[in-house]
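Asker: the sequence and its predicted three-dimensional model are supplied below.
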Amino acid sequence: MDKKKILIVEDEYIIADVLSNILETAGYHICGIADSVKEALQMIDEFKPEFVLLDIYLKEKLTGIDLAHRLTEINIPFIYISANSNQKILEEAKVTNPYGFVIKPFREKDVLIALDIAFYRHEKHMENGLRQSAVMQKKTAEILSSALDWEHKILEMGKTLQPYIPFEFLSVGMKQENEEDFYEIGFSRIGFDEYQLIGCPELMVITRRKQHELARLKTNDVAEVMATWYNENELEALLKKPSLKKLFADTYSLKSHLSFPIPLSNKKTCYFNFYSRRPDAYQADHLVLCNRLQRLLAGFMEGMMDTANSPLVSKLSNYTVKQQVSSLDQPSPFSGIIGSSHLLLTVFDHVIQVAKSSSSVLILGESGTGKEKIAERIHSLSLRKDKPFVRINCAALPVSLIDSELFGHEKGAFTGAHEKKIGRFEQAHTGTIFLDEIGELPLESQAKLLRVLQEKEIERIGGRTTIKTDVRIIAATNRNLDKEVAEGRFRLDLFYRINVFPILMPPLRERKEDIADLAEHFLSIYARKTGKTVRGISPEVLENMKRYNWPGNIRELENLIERNVLLTRDDMITNMVLPTQLEQSTSSAPPESSVITMSEGERAHILAALKKCNGKIWGEGGAASLLNLPPTTLNSKMKKLGIRKNFAS
Ligand SMILES: Nc1ncnc2c1ncn2[C@@H]1O[C@H](COP(=O)(O)OP(=O)(O)OP(=O)(O)O)[C@@H](O)[C@H]1O
């Protein structure tokens, strides 16, 4: 087997030497040791290392963080090895997306594990990258040969790019040589697969500007010569003076921007300008992608110029764009998952990006934000969709049963093991396992899980043989795993293994624009279930709902709508008591006229028990024993009723 080539960038000779010895002994080839960024760049040119170990402070002025940006551009993975634990530096280092971070002084084991994980993650990353290129090429050919009109062809191209370069607004045009050349077409994203075409006529209406004013504004746009990204502050600085970019940013509340100019073979330049409402949507990774896509997109745009009536080669005055909203006839892959906020659309893009690979996915987010729903969707969009999807809630299992539940046991393996048991991993063979609340997994089981992920085989408890398994892992947690790792409750190596592709579920309070759609969705479900005719929710109640903070997120909203559908005597919900208000009213005697539903009664009862036990659930003096319930049942009831573990609702 070829030895992997590693470059060490470290200015302390002794440390560099120790590292070099450790790595050579472990079977790596050290192709060089550089003590400054300048020397490192020369060695990279000469030796083409596959991996770089990087100290932060080096000889001369440039730091390891400066070099890291360059490494990302040329797609060489790296980890930092540094004594610096200053928060500001760590933050700056984190932005460069390293594959790991080892703090000095280090143990031999730390370095080797960090490298092993880094190679594994890079491989997954490359695998995704290669898949992306193949998908893009196929899609480009399909779009060019399709019967769509040119606007929709460009839109289709934008949609193909969306999972990799996210945007809420995309404008595509040609570099302008004079005002007459004005051509620009915009697409504003309004749903997962819905975009509004914004041509010049629409822009004139929306912004109340005349065509020549728009053309003049466009001459003020900075015309980048290479792909460049601007995050919030940089974009503000760029858009100080009036320009077309500024007009887009102001009109659509856009906060970051990636400009991607594409030189064509006829010496002209066209560009794809991406904008996002997130302040930091673009990073160095996107530049790498732009480099890779440049030829493909140039070919696409040249193909577009050959299309009959292409406005790319005629003047704007020759065409008008029909106002239209594009939506495909096929059902959305996210039907049933309600919302069109840009934060949720970003989640959808990530799902599309990762679903078809077999990479592990880590879904992070507060309780009730829809993590399980997303996990199911990743499975149903994957190539494993017809194979088992096995869910296991790590928090709901007593510690003593976790291993047998996950890996199974042989008959007689321990007292009470009367029968052989097939574990969840075996059940999930060729499919997906969803490890919900992975943050609750005890350290001992974490070690076993890590071994399963590394070796891809399991051993039943009491068994003598190993069993090969092919299982895709999706894990979820509402805990802050960074913090769990820092405090020693979660293994760093397991964290890196499962954190190959993180997806962050936004809390409902950060996407309040979705509240009305969600409320309507649950309203129609519960109206149907209860056989009641409830048509809607009054605008005042909706306003109130938007002001509320939703600590229990969508689950809480669902429960609340269920309760109100049951309680309402009208065909409209015109009065809704939000949980904070409800808590106050249930702690005193309920008003005589009000009806308390079963779940409200149950909720108040559980809250009272929790209060009495100071929030303790398990063991002696815990709420579970007071209520005479198994703790796992109490836990799931609390979840269903939107009661958090610290028993604040
Ligand atoms: N976008 C959505 N559209 C419709 N229903 C949703 C949406 N998101 C979540 N739900 C519903 O909200 C409830 C909670 O969702 P889910 O169980 O997926 O959350 P979770 O993040 O896994 O919660 P926990 O961490 O507590 O397990 C479920 O009934 C789910 O169907």
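Answerer: That came through, no problem.
Asker: which non-adjacent residue is nearest whichever residue of the stretch 201-350 of the chain sits closest to the ligand?
Answerer: The minimum distance from the stretch 201-350 of the chain to the ligand, using Cβ to the nearest ligand atom, falls at Ile338 (3.7 Å). From N, CA and C alone the C-beta is placed, and that goes for glycine too. Excluding its sequence neighbours, the residue lying closest to Ile338 (Cβ to Cβ, 6 or more residues apart in numbering) is His521, at 4.6 Å.
Asker: the one you found reaches Ile337, doesn't it?
Answerer: No. In this structure His521 lies outside contact range of Ile337 using Cβ atoms under 8 Å: 9.8 Å.
Asker: just to revisit the earlier point, can you get me a residue count around the residue of the stretch 201-350 of the chain closest to the ligand?
Answerer: By other Cβ atoms under 10 Å, 17 other residues sit near Ile338.
Asker: likewise the one 4 residues further on?
Answerer: As a burial measure, His342 scores 19 neighbours (other Cβ under 10 Å).
Asker: which ones are touching it?
Answerer: His342 is in contact with 168, 189, 276-278, counting by Cβ atoms under 8 Å, 6 or more residues apart in numbering.
Asker: reformat those residues as TSV; add distance to the ligand.
Answerer: Formatted as TSV, the contacts of His342 follow (distance: Cβ to the nearest ligand atom, whole Å):
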residue	distance to the ligand
Glu168	18
Arg189	17
Ser276	21
Arg277	19
Arg278	19
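Asker: and Glu127, how many residues sit next to it?
Answerer: 13.
Asker: on that earlier part again, just after the helix or strand harbouring the residue nearest to Ile338, pick out the following helix or strand.
Answerer: Using DSSP states H and E, His521 sits in helix 515-530. Once the chain leaves helix 515-530, the next helix or strand it forms, by DSSP H and E, is strand 536-537.
Asker: give me the sheet partners of that following strand and which way each runs.
Answerer: In the sheet, strand 536-537 lines up against strand 572-573 (parallel) (DSSP bridges).
Asker: which residues touch the partner strand?
Answerer: By Cβ under 8 Å, 6+ apart, the list of residues contacting strand 572-573 reads 523, 534-538, 541, 564-565.
Asker: rerun at 6 Å
Answerer: The contact list for strand 572-573, computed with Cβ atoms under 6 Å, 6 or more residues apart in numbering, reads 535-538, 541, 564.
Asker: next one: stretch 158-173
Answerer: Here stretch 158-173 makes contact (Cβ under 6 Å, 6+ apart) with 139, 154, 183-189, 252, 254, 272-277, 281, 286, 289, 342, 346, 349, 352-353.
Asker: summarise which helices and strands the longest helix anywhere in the chain is packed against.
Answerer: Across the chain, the helix with the greatest residue count (assigned by DSSP state H) is helix 108-145. Judged by 3 or more Cβ pairs under 6 Å, 6 or more residues apart in numbering; DSSP states H and E, the packing partners of helix 108-145 are strand 101-103, helix 150-161, helix 284-305.
Asker: surely Phe274 touches Ser256?
Answerer: No. Using Cβ atoms under 6 Å, Phe274 is not in contact with Ser256, being 8.8 Å away.
Asker: looking at these two, which one has more neighbours?
Answerer: Taking neighbours as other Cβ under 10 Å, Phe274 and Ser256 compare with Phe274 leading, 28 against 25.
Asker: for that one, name its beta-bridge partners.
Answerer: Leu170, Leu258.
Asker: ok, which residues in the protein are in contact with the ligand?
Answerer: 337-339, 365, 367-373, 436, 478, 518, 521, 554-555, 558, 639 (Cβ under 6 Å from any ligand atom).
Asker: run the last query once more with 5 Å
Answerer: 337-339, 367-373, 478, 554-555 (Cβ under 5 Å from any ligand atom).
Asker: show me which of those are buried.
Answerer: By neighbour count, with 16 or more other Cβ atoms under 10 Å, the residues of the chain next to the ligand hold 337-339, 367-372, 478, 554-555 as buried.
Asker: let's have these in TSV, adding pLDDT and secondary structure.
Answerer: Formatted as TSV, those follow (pLDDT from 0 to 100; DSSP: H, G, I helix; E, B strand; the rest coil):
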residue	pLDDT	secondary structure
Ile337	94	coil
Ile338	94	coil
Gly339	92	coil
Ser367	91	coil
Gly368	93	coil
Thr369	96	coil
Gly370	96	coil
Lys371	96	helix
Glu372	96	helix
Asn478	92	coil
Ile554	96	helix
Arg555	93	helix
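Asker: with those in mind, which one is nearest to His429?
Answerer: Minimum distance to His429 across those is 21.2 Å, recorded for Glu372 (Cβ to Cβ).
Asker: phi first, then psi, for the residue of the chain at minimum distance from the ligand.
Answerer: Of all residues in the chain, the one sitting closest to the ligand is Gly370 (2.8 Å; Cβ to the nearest ligand atom). Note on Gly370: backbone dihedrals following degrees, to the nearest 10 are phi 100, psi 20.
Asker: now do the same contact list for it.
Answerer: Counting by Cβ under 6 Å, 6+ apart, Gly370 has contacts 505, 554.
Asker: how about Gln446?
Answerer: Residues counted as contacts of Gln446 (Cβ under 6 Å, 6+ apart) are 491, 494.
Asker: report the angle between the one helix or strand it maps to and helix 108-145.
Answerer: For Gln446, the host element (DSSP H and E) is helix 443-455. Angle, helix 443-455 to helix 108-145, by axes from the mean of the first three to the mean of the last three Cα atoms, to 10 degrees: 50 degrees.
Asker: so for helix 443-455, mean pLDDT?
Answerer: Mean pLDDT, computed over helix 443-455, is 86.
Asker: buried residues in that helix?
Answerer: Across helix 443-455, burial judged by 16+ other Cβ under 10 Å covers 445-446, 448-450, 452-453.
Asker: which element is the closest residue in space to Leu627 that isn't next to it in sequence on?
Answerer: What sits nearest to Leu627 in space, not counting adjacent residues and going by Cβ to Cβ, 6+ apart, is Ala609, at 5.2 Å. Following DSSP H and E, one finds Ala609 within helix 598-612.
Asker: off-centre distance for that helix?
Answerer: Its chain's C-alpha centre and that of helix 598-612 lie 35 Å apart, by Cα atoms, centre = their mean, to the nearest Å.
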